[in-house]
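Trainee: Here's a sequence, model it:
(one chain, ligands or ions: 1)
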Amino acid sequence: MSQPRTRIVILGGGPGGYEAALVAAQLGAQVTVVDSDGLGGACVLTDCVPSKTLIATSGTMSVLDGSADLGIRLAVEKALAGSQPASAAGQAGAGRPGRPRLATVDAPRLYARVKALARAQSADVALRLAAEGVEVISGRGHLAGPHTVVAGEREIGADAVLIATGALPRVLPGAEPDGERILNWRQLYDLAELPPELIVVGSGVTGAEFASAYQALGSQVTLVSSRQRVLPQEDADAAAVVEDVFRRRGMTVLGRSRAAGVKRTGDRVVVTLEDGRTVHGSHCLLTVGMVPATRGLGLEEAGVALDGHGFVQVDRVSRTSARGVYAAGDCTGVMMLASVAAMQGRIAMWHTLGEAVQPIRLGHVAATIFTDPEIATVGVTAEGVEAGEPDAMVVKLPLATNARAKMQGFRDGFVKLFARRGTGIVLGGVVVAPRASELILGVSLAVEQSLTVDQMAHTFAVYPSLSGSLTEAARRLMRPSDIN
Ligand SMILES: Cc1cc2nc3c(=O)[nH]c(=O)nc-3n(C[C@H](O)[C@H](O)[C@H](O)COP(=O)(O)OP(=O)(O)OC[C@H]3O[C@@H](n4cnc5c(N)ncnc54)[C@H](O)[C@@H]3O)c2cc1C
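Mentor: Have a look, this model is predicted:
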């Protein structure tokens, strides 16, 4: 007699939810996903995918801006020089200061592309789930106990439930978005124009990425940072490179400037800082963090413990305090990354369906900040190493001397490698470069597989290549006995 199929119900269809659904279906469970706003979640529809699509365009604008240095003269350049002022289409101050822009952005077309791509990605997720036999219910769901999910009229029994409801943009009191001039990042793509003068409040990852992108697209950007420097949580050397590039490209970066409120005055906005100064612009983008989407889900009634900020508390195999209830992704606040959400979701399913499972290893998560240049990191941090935990050697190589970097016309960036003193095992790294998101894989592999700097140094890198700087960094950390 065959066993009854395990019933899994998942609340939320973002990467935490849909990746879990795929694993559970693969393992033969009967899977239902309840999702209120579209499969793929905020990741696909409003956050990660749209922002990186926008950045694909801003990156191309940067390439165009630097093309003259590479000996390129655009066919239209001559005609443009004769017929248009340098500040055409609200471009004053954007790109490389003092230079005319070679191209301008068609904002409606760009935003239409962003939204179409997000919808297409969401449709792909839907097709994938359908192909695996996952039932999808559109609508809001909540728990009515640890083993029951209610979605509209339906009450669905579950052997295990996964909460993957994500998070929402935090609203700063006194700076409520109006969707027209005062915006959160989810409202950007409904604008009819490129903001001519954009004030970005918040200099964490999201703020830095949008500030970088809009500056390249042609907006005059002011970045308001409450801390001394941008990207305060990141590697200090990397953040310094990015901040320097921002300023050189004409961005105004206001450090130690906490926003107290944002007001709209007709077609303008004014940001008031806590010290009384004001900053004026055409639009204000608020990137001041996320709050978990965990209210009204019946979690506490079902025995699921939340922390003081409302995040679901989970262990390293995604279990909550209620037996049979798991949680994954941004609603847990563990590390707000799509890759982490997906891994937490998969681990939850492997665990509940009796598969061998390895608890999540957050120390091995590779992450990228998609500024220009990008910052990619994995493993231990410089801060930790400086504090002696762990006892590690470090080397930092600027990319300015790398032949490939010279050919490609950039000089801002470096590779940094950490290796355990004594054994030489690679513990982490930082790459600041165009496409650092792709380069970090080599370090990530080394960290995951406990490779030594000797092994990394003996690995062939292509000449000329940026990855050659990674193997060179490893070589610099080799112990004398390895070299002799
Ligand atoms: C601007 C921005 C850019 C980012 N870029 C990156 C990046 O480049 N790389 C990266 O790894 N991460 C990135 N992230 C983070 C990434 O988007 C999140 O970590 C990821 O979306 C988390 O996935 P999730 O499944 O937890 O939640 P979500 O993707 O938010 O999905 C949750 C889903 O649950 C639904 N839901 C909520 N409540 C209910 C309910 N009661 N019933 C049914 N459904 C419900 C929501 O509507 C949503 O569809 C970015 C974030 C932001 C803000």
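Trainee: can you pull out the helices in the stretch 351-484 of the chain?
Mentor: Applying DSSP state H, counting those that start in this stretch to the stretch 351-484 of the chain gives helices spanning 382-386, 403-408, 436-448, 453-457, 467-476, 480-483.
Trainee: Present the ones you listed as a markdown table; the columns should include mean pLDDT, mean neighbour count and distance to His142.
Mentor: Glycine gets a C-beta too; all of them are placed from N, C-alpha and C. Putting the helices of the stretch 351-484 of the chain into a markdown table (pLDDT from 0 to 100; neighbours: other CB atoms under 10 Å; distance: least, CB to CB, whole Å) gives the following:
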| stretch | mean pLDDT | mean neighbour count | distance to His142 |
| --- | --- | --- | --- |
| helix 382-386 | 95 | 15 | 40 |
| helix 403-408 | 97 | 15 | 52 |
| helix 436-448 | 98 | 21 | 37 |
| helix 453-457 | 97 | 21 | 50 |
| helix 467-476 | 98 | 21 | 48 |
| helix 480-483 | 56 | 9 | 59 |
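Trainee: Go through those helices and name the closest to the ligand.
Mentor: For the ligand, the closest of the helices of the stretch 351-484 of the chain is helix 436-448, at 8.4 Å, according to CB to the nearest ligand atom.
Trainee: how big is the angle separating that closest one from helix 467-476?
Mentor: 30 degrees (axes from the mean of the first three to the mean of the last three CA atoms, to 10 degrees).
Trainee: Who are the packing partners of helix 436-448?
Mentor: Packed against helix 436-448 by the contact rule (3 or more CB pairs under 8 Å, 6 or more residues apart in numbering; DSSP states H and E) you find strand 367-369, strand 374-379, strand 426-433, helix 453-457, helix 467-476.
Trainee: With distance to the ligand as new columns, can these be given to me in CSV?
Mentor: CSV is the format used below for the helices and strands packed on helix 436-448 (distance: least, CB to the nearest ligand atom, whole Å):
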stretch, distance to the ligand
strand 367-369, 7
strand 374-379, 10
strand 426-433, 16
helix 453-457, 25
helix 467-476, 21
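Trainee: could you dump the ones you listed to CSV with distance to Val447?
Mentor: Below are the helices and strands packed on helix 436-448 laid out as CSV (distance: least, CB to CB, whole Å):
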stretch, distance to Val447
strand 367-369, 13
strand 374-379, 5
strand 426-433, 6
helix 453-457, 11
helix 467-476, 12
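Trainee: What count of nearby residues applies to the residue in the stretch 51-200 of the chain that the ligand sits nearest to?
Mentor: Closest to the ligand within the stretch 51-200 of the chain is Gly166: 2.3 Å, counting by CB to the nearest ligand atom. Gly166 has 26 neighbours, counted by other CB atoms under 10 Å.
Trainee: How about Arg7?
Mentor: So Arg7, with other CB under 10 Å, has 17 neighbours.
Trainee: Could you pull up phi and psi at it?
Mentor: phi -100, psi 120 (degrees, to the nearest 10).
Trainee: Perfect, I'm done here.
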